[in-house]
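Novice: my questions are about this predicted structure, shown below with the sequence.
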Amino acid sequence: MKFLAMMFLSLSCAFAGGSNQLETVDYVDVNKYLGKWYEIEKIPNRFQRKCGATQANYSLRRKGDIKVVNRCITKNGSIDTANGRATIANYETNAVLEVSFFFLQRWFGGPNYYILDLADDYSYVLVGSPSRDFLWILARTKTLDENIIENLKAKAETQGFDTSRMQKTPTWPSDIE
């Protein structure tokens, strides 16, 4: 099954079950958060199993929600894309969002994208789900200093994530600019 379909189904089911609240950053300036992010590390999941050089791009839509475009290069060299949308679930902080990739996501509903740490200059971010099954380290560049990665993992551990499961995202030679 394609990356997109698996991603939709997995996100719907996994995020719906999480009820343990996570501690987020105090505030996210949505306009600064928009743009391209490169995946540095993640807890492996089924929908990204064949992906490398993974990117997420966020842009503001006219309706006030956020357009989400996730792209990766598969092992056979093709580009796989998932289009979705995000709505802010906590306007006090803008650090909790509900991300959906098709209408079924809404049936399971609930916030599923928690910004757990964010660089002051918006150069890297730690994102997780209440289920603790999903965790990503993203950066504005394709690489990130190992000390920063280790500090982000330590923060995630304090919130109950098993960071020993995290894997570096493959960065294959081709790029998906």
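Specialist: In hand now; what should we look at? Because the structure is a prediction, the values reported are computed rather than measured.
Novice: where in this structure is pLDDT low?
Specialist: Counting by pLDDT under 70, the ranges of the chain that qualify are 1-20, 45-49, 102-111, 172-177.
Novice: in which helix or strand does the most far-flung residue of it relative to its centre reside?
Specialist: Relative to the C-alpha centroid of the chain, counting by C-alpha atoms, centre = their mean, residue 76 is the outermost residue, at 23.3 Å. Under the criterion DSSP states H and E, no helix or strand holds residue 76.
Novice: span of stretch 137-157 from start to end?
Specialist: Length of stretch 137-157, first residue to last, C-alpha to C-alpha, to the nearest Å: 13 Å.
Novice: typed the wrong thing, it's stretch 60-74
Specialist: 27 Å.
Novice: off-centre distance for that stretch?
Specialist: 12 Å (C-alpha atoms, centre = their mean, to the nearest Å).
Novice: mind listing what's buried in that stretch?
Specialist: Neighbour counts using 16 or more other C-beta atoms under 10 Å place 66, 67, 68, 70, 71, 72, 73, 74 of stretch 60-74 among the buried residues. Every C-beta, even on glycine, is put in place using the N, C-alpha and C of the backbone.
Novice: turn the residues you listed into a markdown table, columns for distance to residue 33.
Specialist: Formatted as a markdown table, the buried residues of stretch 60-74 follow (distance: C-beta to C-beta, whole Å):
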| residue | distance to residue 33 |
| --- | --- |
| 66 | 9 |
| 67 | 13 |
| 68 | 12 |
| 70 | 15 |
| 71 | 18 |
| 72 | 20 |
| 73 | 24 |
| 74 | 27 |
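Novice: about what we covered before: for residue 70, see how far away the residue farthest from the centre of the chain is.
Specialist: Distance, residue 76 to residue 70, by C-beta to C-beta, to the nearest Å: 18 Å.
Novice: tell me what residue 86 is bridged to.
Specialist: Beta-bridge partners for residue 86, by DSSP bridges, are residue 66, residue 99.
Novice: from now on call the first residue 265
Specialist: With 265 as the first residue, the last one maps to residue 350.
Novice: is it correct that it is in contact with residue 358?
Specialist: No: the criterion here is C-beta atoms under 8 Å, and residue 350 misses it with residue 358 at 10.6 Å.
Novice: could you report the neighbour count for residue 293?
Specialist: Residue 293 is flanked by 10 other residues according to other C-beta atoms under 10 Å.
Novice: residues contacting the residue lying closest to residue 358 once chain neighbours are set aside?
Specialist: Leaving out its chain neighbours, the residue that sits closest to residue 358 by C-beta to C-beta, 6 or more residues apart in numbering is residue 292, at 4.2 Å. Neighbouring residues of residue 292 by C-beta atoms under 8 Å, 6 or more residues apart in numbering: 357, 358, 359, 379, 382.
Novice: residues contacting the nearest residue to residue 325 once chain neighbours are set aside?
Specialist: Spatial nearest neighbour of residue 325, chain neighbours left out: residue 331 (5.0 Å); criterion: C-beta to C-beta, 6+ apart. Contact partners of residue 331, counting by C-beta under 8 Å, 6+ apart, are 322, 323, 324, 325, 347, 348, 349.
Novice: kind regards, and thank you for your time.
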